[in-house]
Structures are given as structure tokens and as C-alpha cells.
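Student: show me the folded form of this:
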Amino acid sequence: SSGINAEYGGLTGDDILPEENAWFKINYTEAGPAEPKVEIVGPDSQPISFNVEQDGKGEQYVSYKPPKFGMYNVAINFGGMPLPNSPYKVKISPKVDASKVKIAGLAQLVRIGDNPIFNIDTSAAGDGKLEAQVVSPSGKLLKFVLDDDDKGHHTLKINPSEIGTHTI
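Tutor: Coordinates of the predicted model:
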């Protein structure tokens, strides 16, 4: 498959989110009379539809819209043989905007023995997974309880045991 290459974001996943256009170019001007064959498979092993635009000069532009986040396989064959890096592993990241996470209950003063509860609303932030970490003033990771209602509303419960500023 010398004389053929494929490039651009639709093969790397860089800056591509679910439901957005992803595309790549296949250049086979020096590769002979065959045409590239493309197959795209989504994270749930389902084939993904795509469009091919031919420029008539040995280049194809392939576009697709990944329906959700996850790992996609993009296989490109030419003359029955896979390109050297094919199938390409394309990771599509979830649509997340952390600036839309809202946190309530961040009391300035909590007494040892209190069990403060923080309400965290991620419903407007996208399809990400909320992760938390609580660090005591001495640098120890504290145990905590993080509950959610599967609708983007979470509660974080901690039990501080040291005097000083804790980081959440």
C-alpha cells in the first residue's frame, strides 16, 4: 500500500465530540488503479454510516458523525490490503462542560464531628462521569460518600477529622 495515506482528525478523534462531523482524507494518487474501501465501527460494534466525496484526482474525503462517545475503529483497505495503521483507533470524548457544574453547600466553617453534605448538579454539564477527591490539611485522602440520582444530581458526604482547610 505504498503511495497511499490517510490523515486528519477523523482518524485521531482530536477535538471531535459526539454528533459532530468528523472527517479524514485518503490520498491514493500514487497507489494504482484501485479505490480505497472504508469501514467504520462504533463502540457497540455497530457499523457507522459515512459519506465519501471523490475529487477525481486520487483523493477521497470521508465524513461521519459519531453518535456517542467511545472508541471507534476506522478500517481502510486499498487493493484488498489494509493501510499500515489500519484499523485506526479513534477515541471520541464525551460532551462535557465543567463550567456548568453547580455546587451548593460549601460551608466556610465545618466543625469536626459535623457531616457536611454538598449538593452537586451536573445536569447541564453533559455526559461525563463525576469524580471527586477530598484531601485533608495534612494531605491524606479522606473517604467520602458520593450518591447520585442518575439525573445529574449528586450528594457528597464527608466526615472531616482534622482542623484546617480541606480540598474537595
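
Student: per-residue pLDDT, the residue nearest in space to the middle of the chain?
Tutor: Closest residue to the average C-alpha location of the chain: Ser93 at 1.3 Å, with CA atoms, centre = their mean. Note for Ser93: predicted pLDDT of 85.

Student: correct me, but Gly70 touches Val90?
Tutor: No - using CB atoms under 8 Å, Gly70 makes no contact with Val90, being 9.6 Å away. C-beta: built from backbone N, CA, C; applies to glycine.

Student: neighbour count: those two, which is higher?
Tutor: Each of Gly70 and Val90 has its neighbours counted (other CB atoms under 10 Å); Val90 has more, 23 against 15.

Student: burial count for Val38?
Tutor: By other CB under 10 Å, the residues close to Val38 number 18.

Student: ramachandran angles for it?
Tutor: In this entry, Val38 is assigned phi and psi values of phi -110, psi 140 (degrees, to the nearest 10).

Student: tell me the bridge partners for it.
Tutor: Beta-bridge partners recorded for Val38 (DSSP bridges): Ile76.

Student: residues touching it, list them.
Tutor: Residues in contact with Val38 (CB atoms under 8 Å, 6 or more residues apart in numbering) are Ile26, Phe50, Val52, Val62, Val74, Ala75, Ile76.

Student: before we move on, back to that, quick one: contacts for the residue nearest to the centre of the chain?
Tutor: Ser93 is in contact with Gly13, Ile16, Leu17, Phe69, counting by CB under 8 Å, 6+ apart.

Student: swap in 6 Å and give it another go.
Tutor: Contact analysis of Ser93 by CB atoms under 6 Å, 6 or more residues apart in numbering lists Phe69.

Student: show me where the chain has helices.
Tutor: Applying DSSP state H to the chain gives no helices.

Student: which secondary element of the protein has the worst mean pLDDT?
Tutor: strand 5-7 (a mean of 78; mean pLDDT, DSSP states H and E).
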